[in-house]
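# using only what follows, build the 3D model:
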Amino acid sequence: MKRVLVIGPSFYCYNYSIGDAFEKLGYAVQIVEFDEPVNPFNLRNRILNKLPFSRKFIQNSSRVFFNSSILKRFADFNPELVFIYNGDILEPSTISFFKQTAKVSIWALDGVSRHPRSEQLAPLVNAYFCFEQNDVYSLKSKGINVYFLPQACDTKIYHPIPSIKDIDILFVGALYDYPNRIKLLKKVVDTFPQYKIAVYGIYKPWYKNPLKWLFREKRDIFKNYSIPPEEVNRLYNRSKICLNIHHPQSKNGANPKVFEISGAGAFQLVDWNPFIESIFPSQEIAMYRSEKELIDMIVYYLHQDNTVMIEKAYKLISEKHTFVNRMSYVLKILGIAE
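Below is the predicted model of the structure:
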C-alpha cells in the first residue's frame with residue numbers, strides 16, 4: 001500500500017482531516033504533530049520561551065530535536081509522499097533528505113507573510129500550496145512551484161444534525177489579536193440586545209492582564225474560551241445566523257469556517273472577497289461589504305426562511321470542497337496516481 005507521512009502543527013484536527021482524506025484515497029497514513037513556537041510546548045518550555053536569555057536557545061534546541069526525530073520516523077515508515085501542513089519547524093536539510101526517496105509538498109496554514117520559515121522551504125519542495133490566491137501570485141513571481149489550494153470541510157465533523165434554532169447570532173473563532181473581529185462583534189451585540197447572541201473564542205486571556213480578564217464585559221455573550229470542533233458543529237446547527245469575519249490577510253481566499261459553516265448545514269453571513277464570491281456563484285451564502293451592510297443583513301436574514309440557500313450551500317461544499325477533493329488535487333499536481 002502507498003504511504004504518506006503527514007506533518008503539521010497541533011492545531012485542532014486538521015492533520016487528521018488530511019490523513020483521513022489520504023486514507024480514503026488508498027494511502028497508509030502516519031501523522032506527526034508539533035507545537036509552536038517550541039516543541040513540545042509543555043510548562044517547562046513555555047516558561048523558558050518567555051525568558052529573553054533562553055528563548056532563542058530553547059527554540060533552536062527543540063527544532064534540532066524535532067528534525068532529528070522526524071528523520072528517524074521517515075526512515076522507518078519509508079513513505080512515497082510527505083505532506084506538510086505549514087512546516088515552520090522543519091530545516092532545509094530535512095526537506096532535502098525527504099526528497100531523496102519521496103515527493104514533498106507544503107500547504108501553508110496561514111498567509112506566507114505570517115510564516116517566513118515555511119516560505120523559505122518553498123523552493124525546495126515539489127509543490128507549495130497556498131490558501132490565499134494573492135500569495136500564489138507573489139510566490140510565482142519568485143519562481144516558486146506554487147499552487148492555489150483552498151481550505152476545506154471535514155464532513156465527518158461538520159454536517160447537519162437535527163437541532164432547535166435557539167441561537168440567533170453565533171460567532172466562533174480567534175479573537176485575541178483580531179481587533180477587526182472584536183470591533184464588529186461589539187457593534188452587533190450593542191445593536192441587537194433583543195437577540196440571543198453567542199461568541200466563542202479567547203479575547204481577554206487571564207495571563208495577559210488578570211484585571212481585564214476578571215472585569216471583562218458581557219460574559220453571557222463573550223464566552224472567552226475555545227471549544228472543540230464537534231461542539232462547534234452542534235452550535236452551528238443551533239444557530240440562525242453564523243457570522244464569519246476574516247483575518248485582514250485574507251484578501252482573495254477563504255478561512256476554514258467558510259467551508260465548515262456551510263458543510264454543517266448552517267446559514268452563513270461572511271465578509272466579501274472575490275474568491276468567496278466565486279465559490280458561491282448562486283448566492284448560496286450572504287456576504288457583506290461594510291459594517292452597515294452587515295447590520296442590515298442580520299435584520300433581513302433573521303426574518304427570512306433561508307432553507308433554500310442553506311441546502312444549496314451544503315450540497316456545493318459536500319460535493320466540491322472536502323479534504324478528499326483537496327488531496328486528490330495534490331496527488332494530481334504531484335503526478336501521483338490515486
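# which residues of the stretch 101-250 of the chain score low on pLDDT?
206-215 (pLDDT under 70).
# how about 90 then?
108-120, 138, 174-179, 201-222, 224-225, 247-250 (pLDDT under 90).
# and the strands in it?
103-107, 127-130, 146-148, 167-172, 197-200, 239-244 (DSSP state E, counting those that start in this stretch).
# thought Asn224 was touching Ala198?
No: using C-beta atoms under 8 Å, Asn224 makes no contact with Ala198, being 11.8 Å away. In short, each C-beta sits where N, CA and C put it, glycine included.
# these two touch, right, Tyr195 and Ile167?
No: using C-beta under 8 Å as the test, Tyr195 is too far from Ile167 to be in contact (9.0 Å).
# which one of these two has more residues nearby?
More neighbours surround Ile167 than the other of Tyr195 and Ile167, with 19 against 15 (other C-beta atoms under 10 Å).
# tell me what that one is bridged to.
Beta-bridge partners for Ile167, by DSSP bridges, are Ser239.
# for the lengthiest helix in the chain, packing partners?
Longest helix in the chain, counting residues (DSSP state H): helix 52-77. Applying 3 or more C-beta pairs under 8 Å, 6 or more residues apart in numbering; DSSP states H and E, one finds that helix 52-77 contacts strand 2-9, strand 27-34, helix 43-50, helix 92-99.
# and that helix with strand 2-9, angle?
Interaxial angle, helix 52-77 versus strand 2-9 (axes from the mean of the first three to the mean of the last three C-alpha atoms, to 10 degrees): 170 degrees.
# give me the buried positions along helix 52-77.
Ile58, Gln59, Ser62, Arg63, Phe66, Asn67, Ile70, Phe74, Phe77 (16 or more other C-beta atoms under 10 Å).
# isn't the fifth one right up against Asp35?
Think Phe66. No: Phe66 is beyond contact range of Asp35, at 9.3 Å (criterion: C-beta under 8 Å).
# that older thread, can you put the buried residues of helix 52-77 in a markdown table and add pLDDT and distance to Cys153?
As requested, these are exported to a markdown table (pLDDT from 0 to 100; distance: C-beta to C-beta, whole Å):
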| residue | pLDDT | distance to Cys153 |
| --- | --- | --- |
| Ile58 | 86 | 37 |
| Gln59 | 85 | 34 |
| Ser62 | 88 | 33 |
| Arg63 | 90 | 32 |
| Phe66 | 92 | 30 |
| Asn67 | 95 | 32 |
| Ile70 | 96 | 29 |
| Phe74 | 97 | 30 |
| Phe77 | 97 | 28 |
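# who does Ala28 bridge with?
Arg3.
# with mean pLDDT and distance to Ser278 added, can I get the helices and strands packed on helix 52-77 in TSV?
Output for the helices and strands packed on helix 52-77, formatted as TSV (pLDDT from 0 to 100; distance: least, C-beta to C-beta, whole Å):
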stretch	mean pLDDT	distance to Ser278
strand 2-9	96	27
strand 27-34	96	30
helix 43-50	80	41
helix 92-99	96	33
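# just these: most buried one?
Greatest average neighbour count among those goes to strand 2-9 (a mean of 22), per mean count of other C-beta atoms under 10 Å.
# what is the orientation angle of it with helix 92-99?
Using the same axes, to 10 degrees: strand 2-9 against helix 92-99 is 160 degrees.
# per-residue pLDDT, the residue of the chain most remote from its centre?
Most distant residue from the mean C-alpha position of the chain: Phe53, 32.7 Å away (C-alpha atoms, centre = their mean). According to the prediction, Phe53 has pLDDT 78.
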